[in-house]
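**Student:** Sharing a sequence plus its predicted fold:
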Amino acid sequence: MQAENRKLTSIVIAGGGSAGWMTAAALSNVLPGCRITLIESEEIGIVGVGEATIPPIKQFNQALGLDEFEFLRRTKGSYKLGIQFVDWVESGRRYFHPFGTYGRSFDFGHLLYFWNQAQRQGRASSSLDDYCMAWAVAAQARFGLPLTDPRSLLSTYDYAYHFDASLYAAFLREVSERRGVLRIEGRIVASRLNGESGHVEALQLQDGREVPGELFIDCSGFRGLLIEEALHTGYEDWTHWLPCDRAVAVPCESAGDFLPYTRSTARTAGWQWRIPLQHRIGNGYVFSSNYLDEAGAAATLLANLDGKALAEPRTLRFVTGRRRLIWNRNVVAIGLSSGFLEPLESTSLHLIQANILRLLAMFPDRNFDPTVRDEFNRIANSELERVRDFLILHYHLNRRSEGELWRYCANMSIPDTLSESIEHFRRNGRFVQREHEVFVRASWLAVHVGQLNLPEACDQPLQAHATDSAQWLEKMRATLHAEASRLPTHQQYIESNCRAAA
Ligand SMILES: Cc1cc2nc3c(=O)[nH]c(=O)nc-3n(C[C@H](O)[C@H](O)[C@H](O)COP(=O)(O)OP(=O)(O)OC[C@H]3O[C@@H](n4cnc5c(N)ncnc54)[C@H](O)[C@@H]3O)c2cc1C
């Protein structure tokens, strides 16, 4: 067959949550000749949580041609400079996982060396947070776009967003429909498979309609209508490493400073998120049903809100892990249908984005070359394992005395890859470099140190200045703070640029 004749001309997306509409928007942006159909059921609805993100979402939105301020207005969004972890290592201790780096980008090695040295002499501020720009800005509830001049400290932080995931899906639906995506409202009840290849040929709707296609993207959420119910791909359960399996979520009225960061507070049987949006704060308690029931979790959540609850708490159930194959035959699972690693580091929307971009880079033709599919699965798996290790790091290195969950996590066996990373960092402050890492060295540093996995020694950088480490650090801290003070408050920044209509 000629290459031209092998081109796919028809793609069907099953599901219209964030995953479905992110996929539709991206595919319609670069495959103008292809018929793209999305089927969703309003009656079933979407998960609708998923309000915090990590920095690469900016590139995704840019590639779709979305204007940042318009996007934030439409999704009632805010800026996110990182995550503050409260009581994670032990009660009363907090640390910040910043977006960006520590010190100046080229000083990273010096900073860690000097901080470690001064720390051992009892002369540094006890917190590494003091030496990163993202925290200097976040701690003052300020925001401004990072500068592009690498000589400025105001270029050393990065940012992502908090937003209402349902509004994001609605916004992307508009974009996609403008670009020709056909939306079908209806409930999928079955898939018709080809008897020979086992490929999905069409989806059958409750009202009797059939929607045929060549490539199917399963964005149907946890159930995995195509990848699991039609193709029986199988699921790898990671509950033994990531034991939380429930969340109760409730929005509340805004209160206090409009913070440009997510807060994650450890609780007896899990942790609570706090995500500030323009019109409300999103809250949720992620917990393990082995140690707490849903009513208990809801009561704890309601007792720990900053403002008045705006709805009844809603429970979500999940099993942490991954689908055995994310791409199986002519079905690619994107979103919750491909697996879920719990919301601790806000990675789900990122993994959706990564799989969409990977699919576009490795786009199949009618031959569905298995080597392409295998390579896609290999990279997606490796990326997921890196995120998995990063999440387990937070749980495993706890020293909390309260709660059986925490004792379990401190004592559980962990993946070898993570043991190596912990050991390597503890011995000499070095990072194990692995393929397809989502989180950069500064992120790993924040969590190692934040969870008190402190290096016994640190490599002296090759050209370390002959200087007093504590003085050097104090100067860095003061400069970061002064530079951050020049920025407007987060509230002012949103008011002047992207305030949503009431
Ligand atoms: C507690 C919790 C907190 C989270 N927090 C974050 C976060 O902070 N950051 C982050 O990045 N991610 C987060 N996530 C993940 C995030 O919510 C999801 O990754 C994202 O919303 C994508 O979901 P989805 O589109 O795959 O599934 P869903 O939102 O469930 O959408 C599924 C779609 O499939 C359709 N559908 C299902 N069955 C049928 C059928 N039979 N016929 C027709 N249509 C059907 C539904 O109507 C819906 O449109 C969180 C998830 C949970 C559970």
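**Tutor:** Sure thing, it's come through.
**Student:** so where's the stretch 101-250 of the chain shaky on pLDDT?
**Tutor:** Scanning the stretch 101-250 of the chain for pLDDT under 70 picks out the ranges 124-125.
**Student:** Please apply the same query to the stretch 251-400 of the chain.
**Tutor:** For the stretch 251-400 of the chain (pLDDT under 70), the answer is none.
**Student:** got the end-to-end distance for stretch 222-238?
**Tutor:** Start and end residues of stretch 222-238 are separated by 15 Å (CA to CA, to the nearest Å).
**Student:** Tell me which residues of it come out buried.
**Tutor:** Phe222, Gly224, Leu225, Leu226, Ile227, Glu228, Glu229, Ala230, Leu231, Thr233, Trp238 (16 or more other CB atoms under 10 Å). To be clear about C-beta, it is placed using only N, CA and C from the backbone, and glycine gets the same treatment.
**Student:** Tell me the residues on the protein that lie near the ligand, please.
**Tutor:** When proximity is defined as CB under 6 Å from any ligand atom, the chain approaches the ligand at 15-20, 39-41, 44-47, 49-53, 165, 187-188, 219-221, 225, 247, 284, 316, 318, 335-337, 343, 346, 348-349.
**Student:** 5 Å instead, please
**Tutor:** Residues of the chain lying close to the ligand by CB under 5 Å from any ligand atom are 15-19, 40-41, 44, 46-47, 49-50, 52, 187-188, 220-221, 247, 316, 335-336, 343, 346, 348-349.
**Student:** now, the most widely separated pair of the buried residues of stretch 222-238?
**Tutor:** Ala230 and Trp238 (23.6 Å; CB to CB).
**Student:** And Phe69, how close does it get to the ligand?
**Tutor:** Per CB to the nearest ligand atom, to the nearest Å, Phe69 is found 21 Å from the ligand.
**Student:** That residue: neighbouring residues, count only.
**Tutor:** Using other CB atoms under 10 Å, Phe69 is surrounded by 14 other residues.
**Student:** Name the SS class of it, please.
**Tutor:** With DSSP: H, G, I helix; E, B strand; the rest coil as the basis, Phe69 sits in helix.
**Student:** ok, Lys308 - contacts?
**Tutor:** By CB atoms under 8 Å, 6 or more residues apart in numbering, the contact list for Lys308 reads Cys252, Glu253.
**Student:** same deal with Lys76?
**Tutor:** Phe163, Asp164, Leu167, Leu277, Gln278, His279, Ala500.
**Student:** try 10 Å
**Tutor:** Residues in contact with Lys76 (CB atoms under 10 Å, 6 or more residues apart in numbering) are 51, 162-164, 167-168, 277-280, 494, 498-501.
**Student:** And the pLDDT at it?
**Tutor:** On the pLDDT scale, Lys76 is placed at 97.
**Student:** where's it relative to Leu393, distance?
**Tutor:** Per CB to CB, to the nearest Å, Lys76 is found 32 Å from Leu393.
**Student:** Please apply the same query to Tyr168.
**Tutor:** As defined by CB to CB, Tyr168 lies at a distance of 29 Å from Leu393.
**Student:** Out of the buried residues of stretch 222-238, which is nearest to the ligand?
**Tutor:** Leu225 (5.6 Å; CB to the nearest ligand atom).
**Student:** I figured that closest one was touching Leu336, is that so?
**Tutor:** No - applying CB atoms under 10 Å, one finds Leu225 not in contact with Leu336, separated by 11.3 Å.
**Student:** more neighbours, Tyr168 and Leu393?
**Tutor:** Per other CB under 10 Å, whichever of Tyr168 and Leu393 has more neighbours is Tyr168, with 27 against 22.
**Student:** unless I'm mixing things up, that one is touching Arg74, no?
**Tutor:** Yes - contact criterion CB under 10 Å: Tyr168 and Arg74 qualify, at 8.0 Å.
**Student:** Now do the shared contacts for those two.
**Tutor:** Between them, Tyr168 and Arg74 share the contacting residues Leu66, judged by CB under 10 Å, 6+ apart.
**Student:** follow-up on the earlier one: now the residues of the chain next to the ligand: which count as buried?
**Tutor:** 15-19, 40-41, 46-47, 49-50, 52, 188, 220-221, 247, 316, 335-336, 343, 346, 348-349.
**Student:** Much appreciated, bye for now.
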